[in-house]
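> Fold the following.
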Amino acid sequence: MAKFKEKVVEIVRLIPYGKVASYGQVALFVGTPRAAIQVGSVLNKLEDSVQIPWWRVINNSGRISIKGSSYTPWDQKERLESEGIKVKENLDLDIEKYRWRPNGKVILSLKLSDGVIEKILGKYLT
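Below is the predicted model of the structure:
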């Protein structure tokens, strides 16, 4: 789990200011598709939450769904809005408008299997 946690932190740190990624997207970029719940668990347990922009990770429906954290959904909303991301009162946002779509160079730097890279390129290539 330590390696998975390190990769999650690495990916989340890559998400640029004013952009978001879904839990599933982070899991895919880590190389572990379908591990969205585990990504959320890692982010909820971060000790250095100021240095890691956890608030840029939301669910794939474009909704803030933070649970089990010392932060509230409203804390996440406030942080996202401070980066220029428009979040509705019901905690929804236009994920496709703000979704992080890294370029091919970033994706290749993740050193993932060819199969995972193909999935990423098919979904998120800019």
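> All the strands of this protein, in order from the start?
21-22, 57-58 (DSSP state E).
> If you count contacts, what does the last one end up packed against?
The one in question is strand 57-58. On a contact count with 3 or more Cβ pairs under 8 Å, 6 or more residues apart in numbering; DSSP states H and E, strand 57-58 meets strand 21-22, helix 23-30, helix 36-44. Every residue, glycine included, has its C-beta placed from N, CA and C.
> Among the strands of the chain, which comes closest to E118?
strand 21-22 (18.6 Å; Cβ to Cβ).
> still on that earlier bit, closest to L43 out of the strands of the chain?
Of the strands of the chain, nearest to L43 by Cβ to Cβ is strand 57-58, at 6.1 Å.
> Tell me the strands beside that closest one, with direction?
With DSSP bridges as the test, strand 57-58 is paired with strand 21-22 (parallel).
> Show residues contacting the strand it pairs with.
The contact list for strand 21-22, computed with Cβ atoms under 8 Å, 6 or more residues apart in numbering, reads 11-12, 15, 29, 36, 56-60, 95, 99-100.
> Out of those residues, flag the one nearest to L46.
Out of these, the member with the shortest distance to L46 (by Cβ to Cβ) is V12, at 8.9 Å.
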